[in-house]
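Engineer: task: produce atomic coordinates for the following.
(chains A and B)
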Amino acid sequence: MNKLLLTLSLLFAVLPAHAADELPPPRVVAQEAPDDLPPPRTTTRKPRGLESAAPAEAAMQASTADDLPPPSARSRKPVARGFRPTLKVGVDDLLLEAGGLPDAPEADSYSTLRASAYVLWQPSRNWEFRAGARLDGMTQAGGSADHDEMLADYSDTYVRYRNGDTRLTFGAQTIIWGRADEIPLADRVSRADLTRFSLDDLADRRRAQLAARWEQTMGDYKLDAVWLPLFRGAQLPDVASVWSPINRSTGQIIGIDPALTAWVSGARIEEDEHGSGGGALRLTRTGEPFDFGVTLARTRQSLPYYRVDAGPSLTAIHPYNTFVGADFELVSGGLTWRLELGHTDDVPVTLTTTAMDKTRALDAIGVLEFFPGGGDTRVNLQLVAHALQTDRSILELKEYYGTNGEIETTFAQGRWKAAMRFSGGFNVHDVYLSPKLGYVGWEPHELYIAAHYFDGEARTLGGFHQDHSLITLGLRTKF
Amino acid sequence: MPFSSLPLFARFLLLALLLGAAGARADEAADLAQRVYDRPNGRDLTTLGRMVLTEKGRAPRIREIVTYRLDKSGGETANLIRFIYPEDIAGTGLLSIDKADGNTDQWLYLPALDRVRRISSDRKGGRFVGSDLYFEDLQERKPSEDRHRLLGRQTENGILCDVLESVPIDPKDSAYSRRISWIDPATAIAQRVDYFEKDPATPSKRWLLRGKKRNQGYWTLTDSRVIDLESGHETRMVVDAALYDQRLPAKLFTTQALADESLESEYRP
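Structural biologist: Here you go, the predicted model:
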């Protein structure tokens, strides 16, 4: 028995020693560098009630043992800052970009300047006022269609009232509904900006337009009602621009069979955008088991349809149509799934006689987003389907099935960003590839080099711009 | 005397005692992990802080962040993070609801699109805004998700600490293969954490506590840093102000507040 006890005591003595062997070696404590942490920005307000705590005191407290009493009601309690009127002035977008067009007959170079500034004033909890202006400049040179232009416009300029679960906004605003990244179907009340075609991300391809908006939150639900009292069509580039939807050099209209539009080169081009833009309702729910939304819109689309009139002339019109859509979003197995479905009536199409007709369209977009290996790379893959519901012979594509999306990654501690946007057709040859390498370590600025490659057959977007592949060098910032 | 030559009864007794001792140590380790998890942190907490990203030979990059946390009923915790600087990410928000069953719902607000997007919380290893923190480091990790073991005691930050090893029960559930924490037994506050990824013997990252301070009776970790041990890149996290128990409304942790910064800004310190 004595031997057994001896054995046990030896074994117990060994146990902690064995664990101690697994202890990492003690850390070599380097001499702490002097604290070179810059003080908080002057805009970072020090908290009330905490200002008297000196750093020395804090350091001393850090080394004290825990004789901490439980929190009591008598403890001095600092308070939050509460509402404070704010006035903010800033430049929310500045883009300088120089580009080369190696294949375009119209120009060898295409450069852009875009600047947008704003003033935001919130005098009380309930009221907010914003005024914004933007300047868009472009120049293309070195070919058959040298051109430059400068355009001044308002950006988001509105009065906003909020009270509890209600938010009312009146004025020029950019409202982008939907869940998909590139072409959300529920995006029925925004104003498109086509001045740079698809070179930019979705947010930069939209502009503010006059709208009255009522947002009402009801628990997990939100009702969003928008009325467009004064319609403005998409911001189009000048017809001389390489990004114009009408190419006078080749006699083409984007999306229309070029075999029947040779007369376009000499046609007059007019715009018809009078009257109201209509209204739309969107109801969304956020929460378990997934987020969803339904949209009902009777609006005029900002993208133009070019009606052929006598002359010949082309008139950009924006007929009303009715859209009914549903969308949802869920996360499963580390993947984010998004789906949008839509039905649109009164979609204008062109008969082989060049007369305008109207038909119905069915659209679907499925999105899959994930981060391979849970790391720093984001993959956004979208499948799109578009089908016009007509038996008549038309100049547009009756069906389009394709994919688009973006692969984006960061490296070197997030100082560099590489991305590839892409788009391609399944039933037609239609390709868009846009690799981009950006340096974002010089915050908040981004320096980048990017390419935009277009290719495709007639009636596709890639086909229309196949001579306009572009290489760019740019700087983008906000401050 | 070899173990096999002991009488049968003595062998059973010895094994029972050994297993009992190992079990007791495992319980002790799990208890310590639970104490760290349960450390008083208020019903709700708001902080105003900075992340300073430093790399040799380069200017530091600074992010200013406001965080809100609310412990809801039923073991649910809600977190809202809002970036306020630099300008290119200002206004971006992240809302996380950590549920009692271990699942997390997460939404991201992108000001450029004025859109709230549901995102996957399974993204464990991605770097949070270019820092040395992984997305996993922002999530609450329950002690029951790891197997814990006490490795012994060692001095860290001048305090004799319990050294606790934590290994994920489900390896797919974490970007780390294991973590070793140096815990001050008096306060249940970690003084240092070594993170292991691919190499089980060499830590890839190290978290070090640099300063703590009492606010309203609670310890606030006011200054800490995460070091990438391979590259030397460092992320320092400084809390400039902390407010506990200001009765943050549950409405603050909704996608409505996520998309409207002005709804939460008045609760900032």
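Engineer: now A:Leu135. Nearest residue, chain neighbours left out?
Structural biologist: A:Ala115 (4.9 Å; Cβ to Cβ, 6 or more residues apart in numbering or on different chains). The C-beta positions use only the backbone N, C-alpha and C, and glycine is treated the same way.
Engineer: same for the helix or strand hosting A:Leu151, what does it pack against?
Structural biologist: Following DSSP states H and E, the helix or strand that holds A:Leu151 is strand A:147-154. Judged by 3 or more Cβ pairs under 8 Å, 6 or more residues apart in numbering or on different chains; DSSP states H and E, strand A:147-154 is in contact with strand A:127-141.
Engineer: partner strands of the strand it packs on, parallel or antiparallel?
Structural biologist: When pairing is defined by DSSP bridges, strand A:127-141 lines up against strand A:109-122 (antiparallel), strand A:147-154 (antiparallel), strand A:157-163 (antiparallel).
Engineer: tally up the residues packed near the residue in the stretch 51-200 of chain B that chain A sits nearest to, please.
Structural biologist: Of all residues in the stretch 51-200 of chain B, the one sitting closest to chain A is B:Gly130 (2.3 Å; Cβ to the nearest Cβ). B:Gly130: 25 surrounding residues under other Cβ atoms under 10 Å in any protein chain shown.
Engineer: and the pLDDT at the closest residue to it other than its chain neighbours?
Structural biologist: Closest residue to B:Gly130 apart from its sequence neighbours, by Cβ to Cβ, 6+ apart: A:Gly414 at 2.3 Å. At A:Gly414, the model reports a pLDDT of 89.
Engineer: look at A:Gly414 and give its secondary structure.
Structural biologist: coil (DSSP: H, G, I helix; E, B strand; the rest coil).
Engineer: surely it touches B:Leu133?
Structural biologist: No. Contact criterion Cβ atoms under 8 Å: A:Gly414 and B:Leu133 do not qualify, at 11.3 Å.
Engineer: identify the contacts common to the two.
Structural biologist: Residues touching both A:Gly414 and B:Leu133 (Cβ atoms under 8 Å, 6 or more residues apart in numbering or on different chains): B:Arg127.
Engineer: relative to B:Ala242, which of the strands paired with strand A:127-141 is closest?
Structural biologist: Of all those, strand A:109-122 sits nearest to B:Ala242, with 25.4 Å by Cβ to Cβ.
Engineer: can you give me the helices for chain A?
Structural biologist: A:2-21, A:55-63, A:461-464 (DSSP state H).
Engineer: name the nearest residue to residue 220, ignoring sequence neighbours.
Structural biologist: Since no chain was named, I'll use chain A. Leaving out its chain neighbours, A:Asp220 is closest to A:Gly287 (Cβ to Cβ, 6+ apart), at 4.4 Å.
Engineer: oops, chain B please
Structural biologist: With sequence-adjacent residues excluded and distances taken as Cβ to Cβ, 6+ apart, B:Thr220 is closest to B:Ala242, at 4.5 Å.
Engineer: list the helices and strands the helix or strand hosting that neighbour packs on?
Structural biologist: Using DSSP H and E, B:Ala242 sits in strand B:234-244. With contacts defined as 3+ Cβ pairs under 8 Å, 6+ apart, strand B:234-244 has these neighbours: strand B:44-54, strand B:205-215, strand B:218-228.
Engineer: try it again at 10 Å.
Structural biologist: On a contact count with 3 or more Cβ pairs under 10 Å, 6 or more residues apart in numbering or on different chains; DSSP states H and E, strand B:234-244 meets strand B:44-54, strand B:61-71, strand B:205-215, strand B:218-228.
Engineer: what's the closest of the ones you listed to A:Tyr161?
Structural biologist: Nearest to A:Tyr161, of all these, is strand B:61-71, at 24.7 Å by Cβ to Cβ.
Engineer: which parts of that closest one are buried?
Structural biologist: Under the neighbour-count criterion of 16 or more other Cβ atoms under 10 Å in any protein chain shown, strand B:61-71 has B:61-70 buried.
Engineer: hmm, that strand in reach of chain A?
Structural biologist: Yes. Strand B:61-71 reaches chain A (Cβ under 10 Å from any Cβ of the partner chain) through B:61-64.
Engineer: make TSV out of those and add pLDDT.
Structural biologist: Shown next, in TSV, are the residues of strand B:61-71 next to chain A (pLDDT from 0 to 100):
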residue	pLDDT
B:Arg61	92
B:Ile62	92
B:Arg63	93
B:Glu64	95
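Engineer: shouldn't B:Lys72 be in contact with B:Ile97?
Structural biologist: Yes. Taking contacts as Cβ atoms under 10 Å, B:Lys72 lies within contact range of B:Ile97: 8.4 Å.
Engineer: quick one: low-confidence ranges for the stretch 151-300 of chain A?
Structural biologist: Along the stretch 151-300 of chain A, the parts satisfying pLDDT under 70 run over A:260.
Engineer: correct me if wrong: the residue of the stretch 51-200 of chain B closest to chain A contacts B:Val52.
Structural biologist: No. B:Gly130 lies out of contact with B:Val52 (Cβ under 10 Å); the separation is 11.8 Å.
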